[in-house]
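Colleague: Structure, please.
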Amino acid sequence: MKWIAYQYVCNILNEGTENEEVILLDKKIGYNEANLAIAQKEAYNGQYEIIEDEEEVKIETVPELYIVTFSGRVSPDGADKTFDEIYQAVSDGKEVVAKYPYGNGYEYYQLTRYTNTILSFTHTNNMSYGSILTDQYKTHFVQMKSDGTFKHYEFKLPQKPESYEEYAYNIFNLGNNTDAWQIDDVSYCYRHGNTIFVDFTITPIDSSVKTIEAKGTQSNLRGVQVPIIYINSDFAPIHDKTGSVQLYARCADVDRLNNSTTSMHALPAYITDLGDSFGIWIDSGYIMSNSVTEVEGFTIRGWWIMSE
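Modeller: Here you go, the predicted model:
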């Protein structure tokens, strides 16, 4: 390859004195007419030389850009290309980018995941509220399915997450079961940005809901009446799959000597989409004990990402 090599002035020390010293640096640029003009202007005392060596400059191949244009009045609900066309473009190594009209321009969505049934695109932008509210990042997820339908998810994350404690009874409610169960007053949870961490307990206040009607098998332990724990809308998860919960039942039990004791049982629990709200559903059928007589309370621990 052909090069232009020269020295240029980096700095002048003690300029204008008898101790003046010119600091020079070496520079080498590829040979072409434009670079030659630069060298003639920058070179110290106008001195440069043209050299050749065996060095090769490798130019990486840039993947071909494949543009998908979304359509829709409020959010993307259509595209100018079919699912199969986009999936084939990804399979061929093309870089897929989607754009959606916004204002006088476009919002651009990056393809973040693809399968033979779902294409997932994301767009993140900075929402600045000045000094009134914390600046936030808003991320919009768009899923394009192989049957041509679209789904949307959106949530906002503070650039500087705020962290504080929150009483459990501000996050949850027990619906119509407040005469039978209660959320312990001392239970509180933790909010960090848009993530909720929960660790709280509900206890029965009506003996009729906690007594295990029979002992020994999974099916006949379902006599325990367990409420759905509703999540208040201000703290609702973005989706029932954006978190995880674990539950423990504290039960009145007896040991081998027939002395009263307490036993703990891990139970399945799920964040459930109830249509107009979210809740935590508990399966008490997994209290597998021949000696348990009553449920004294449930402890719920877990986390999820909020939609706002």
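Colleague: residue contacts, the nearest residue to residue 194 once chain neighbours are set aside?
Modeller: Sequence neighbours aside, residue 306 is the residue nearest to residue 194 in space, at 4.7 Å (criterion: Cβ to Cβ, 6 or more residues apart in numbering). For the C-beta atoms, the positions are set from N, CA and C on the backbone; glycine is no exception. Contacts for residue 306 were tallied using Cβ atoms under 8 Å, 6 or more residues apart in numbering; they are 155, 194, 195, 196, 235, 236, 237, 238.
Colleague: again with residue 99
Modeller: Here residue 99 is in contact with 67, 68, 69, 70, 106, 107, 108, 109 (Cβ under 8 Å, 6+ apart).
Colleague: helix or strand for residue 116, which one?
Modeller: For residue 116, there is no host helix or strand (DSSP states H and E).
Colleague: pLDDT score for it?
Modeller: Note for residue 116: predicted pLDDT of 88.
Colleague: Can you flag the buried ones in the contacts of residue 99?
Modeller: Neighbour counting over the contacts of residue 99 (16 or more other Cβ atoms under 10 Å) leaves 68, 70, 107, 109 as the buried ones.
Colleague: ok, and the first one, which helix or strand is that part of?
Modeller: Here residue 68 is covered by strand 65-71, with elements defined by DSSP H and E.
Colleague: Counting by contacts, list what the following helix or strand past that strand packs against.
Modeller: Sequence order places strand 78-79 as the next helix or strand after strand 65-71, per DSSP H and E. Secondary-structure packing of strand 78-79 (3 or more Cβ pairs under 8 Å, 6 or more residues apart in numbering; DSSP states H and E): strand 65-71.
Colleague: Return the distance of the strand it packs on from the chain's centre.
Modeller: Its chain's C-alpha centre and that of strand 65-71 lie 24 Å apart, by Cα atoms, centre = their mean, to the nearest Å.
Colleague: strands paired with it, and their directions?
Modeller: Applying DSSP bridges, strand 65-71 is found paired with strand 78-79 (antiparallel), strand 95-102 (parallel).
Colleague: Quick check on the closest residue to residue 235 other than its chain neighbours: phi, psi?
Modeller: In space, and not counting its chain neighbours, residue 235 is closest to residue 171: 4.7 Å by Cβ to Cβ, 6+ apart. Backbone torsions of residue 171, given as degrees, to the nearest 10, read phi -100, psi -30.
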